[in-house]
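In: sequence? don't have it. structure:
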């Protein structure tokens, strides 16, 4: 590969890894109930580095406060509207109520889990931004890379905006689902970029089997539906747990028909991805990656069974989600690489291989 192509390829791989880490961190946030660990956005209680003790969020005399700092007073959030040093008594004119929601609790563990989630999200923006800048110099060779890099920046901004809505709305259920799909779209962008920048050996170029492409596309689409169904089930679990039911053995019983649809639909997804992987293996175009699809499908099913029959253990929740994301990434990579690998028809290859007549 050319030097610039190698750099862009490595940046795309790094961006994809960080997006998957963001999804993992987000699932850990959900698992631990840390979504409101930082009640404001983009800062956390008005600080760039969040507090570690409740004393930092408690009004104290003769203390310096900066504009935007938040305290908890009478189970409500107050925001400093100016920079000042407090006197012996709390001056109401220096504060204004936080009106976006009424969540006014501090748990240092939840706060730092949410903060680290946001930090990983910021780190994911670094390779994305560098990709966009460098893709400008690669534009004449392949403008698709610039378009994908631009889409990545847009989706990162969109995901950040959705994250703000999630916090401002105190974890509005549907906004969480949209947040998930924005991350899935980012995975698609960087997988497509990796495939475009990957070297392809056309020494042997088989004919494309359109049936395999169709089966792969349908299977991935079914997986996307399944991810949405799973997110809906997860939202129901959150609602049940927040209603005061702490006995996890009762959580699955409280789910409605959506859980049964999600459970049954997994059979379709498993069959589709399994068939797609099996067909790709027999084309001998890609070897290791389709086997990973089979492994991820099996592990995801086992994680789902564990969630359903082991009273929704907390540790399996992020595992179930990240396996779905990994399966989407690998299946999409296999499909797009297969399409690219078989992009030159046999007739064109033969024509290009025949030496010109003398």
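Out: Everything's here; your move. Being a predicted model, the structure only gives us computed values, none of them experimental. Numbering: from 1, shown residues only.
In: the strand or helix carrying residue 23 packs against which elements?
Out: Taking DSSP states H and E as the criterion, residue 23 maps to helix 3-32. Helices and strands touching helix 3-32, as assessed by 3 or more Cβ pairs under 8 Å, 6 or more residues apart in numbering; DSSP states H and E, comprise helix 108-137, helix 173-197, helix 316-341. (C-beta placed from N, C-alpha, C; glycine too.)
In: what angle separates it from helix 316-341?
Out: For helix 3-32 against helix 316-341, the angle by axes from the mean of the first three to the mean of the last three Cα atoms, to 10 degrees is 160 degrees.
In: now the helix or strand just after helix 3-32, how far from the centre of its chain.
Out: Sequence order places strand 64-65 as the next helix or strand after helix 3-32, per DSSP H and E. Relative to the centre of its chain, strand 64-65 is centred 37 Å away, using Cα atoms, centre = their mean, to the nearest Å.
In: ok, now stretch 66-73?
Out: The chain centre lies 31 Å from the centre of stretch 66-73; the measure is Cα atoms, centre = their mean.
In: now it: buried residues?
Out: 69-72 (16 or more other Cβ atoms under 10 Å).
In: what about that stretch, start to end distance?
Out: For stretch 66-73, the separation between the terminal residues is 17 Å (Cα to Cα, to the nearest Å).
In: try stretch 283-292
Out: Taking Cα to Cα, the span from the opening residue of stretch 283-292 to its closing residue is 16 Å.
In: got the contact list for it?
Out: Where contact means Cβ atoms under 8 Å, 6 or more residues apart in numbering, the residues beyond stretch 283-292 that reach it are 206, 209, 212, 276-278, 280-281, 330, 333-334, 337-338, 341-342.
In: and stretch 116-136, by the same measure?
Out: Outside stretch 116-136, the residues touching it (Cβ under 8 Å, 6+ apart) are 4, 7-8, 11-12, 14-15, 18-19, 21-22, 25-26, 28-29, 34, 38, 42, 44, 145-146, 148-150, 152-153, 156, 159-160, 163, 193.
In: list the buried ones in that stretch?
Out: 116-118, 120-121, 124-125, 127-132, 134-135.
In: just stretch 219-229 next, same as before
Out: Judged by neighbour count using 16+ other Cβ under 10 Å, the buried positions of stretch 219-229 are 219-220, 222-224, 226-227, 229.
In: format those as a markdown table; extra columns: secondary structure and pLDDT.
Out: What follows is the buried residues of stretch 219-229, written out as a markdown table (DSSP: H, G, I helix; E, B strand; the rest coil; pLDDT from 0 to 100):
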| residue | secondary structure | pLDDT |
| --- | --- | --- |
| 219 | helix | 97 |
| 220 | helix | 96 |
| 222 | helix | 96 |
| 223 | helix | 96 |
| 224 | helix | 95 |
| 226 | helix | 94 |
| 227 | helix | 92 |
| 229 | helix | 91 |
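In: the residue nearest to residue 219 when sequence neighbours are not counted: what secondary structure?
Out: In space, residue 219 comes closest to residue 272 once its chain neighbours are excluded; the distance is 3.4 Å by Cβ to Cβ, 6 or more residues apart in numbering. For residue 272, the secondary-structure state derived from DSSP: H, G, I helix; E, B strand; the rest coil is helix.
In: list the contacts of residue 272.
Out: The neighbours of residue 272, taking Cβ under 8 Å, 6+ apart as the test, are 215, 218-219, 222-223.
In: how near is it to residue 323?
Out: Distance from residue 272 to residue 323, counting by Cβ to Cβ, to the nearest Å: 16 Å.
In: over to residue 92?
Out: Distance from residue 92 to residue 323, by Cβ to Cβ: 51 Å.
In: what of residue 80?
Out: Using Cβ to Cβ, one gets 44 Å for the distance from residue 80 to residue 323.
In: right, and residue 299 touches residue 323 too?
Out: Yes - in this structure residue 299 lies within contact range of residue 323 using Cβ atoms under 8 Å: 5.5 Å.
In: what stretches of the stretch 251-358 of the chain score poorly on pLDDT?
Out: In the prediction, the stretch 251-358 of the chain carries residues with pLDDT under 70 at positions 343-358.
In: switch to 50 and redo it
Out: Screening the stretch 251-358 of the chain residue by residue with the criterion pLDDT under 50, one finds the ranges 344-358.
In: about what we covered before: so for residue 92 and residue 323, which residue has more residues nearby?
Out: Between residue 92 and residue 323, residue 323 has the larger neighbour count (other Cβ atoms under 10 Å), namely 21 against 8.
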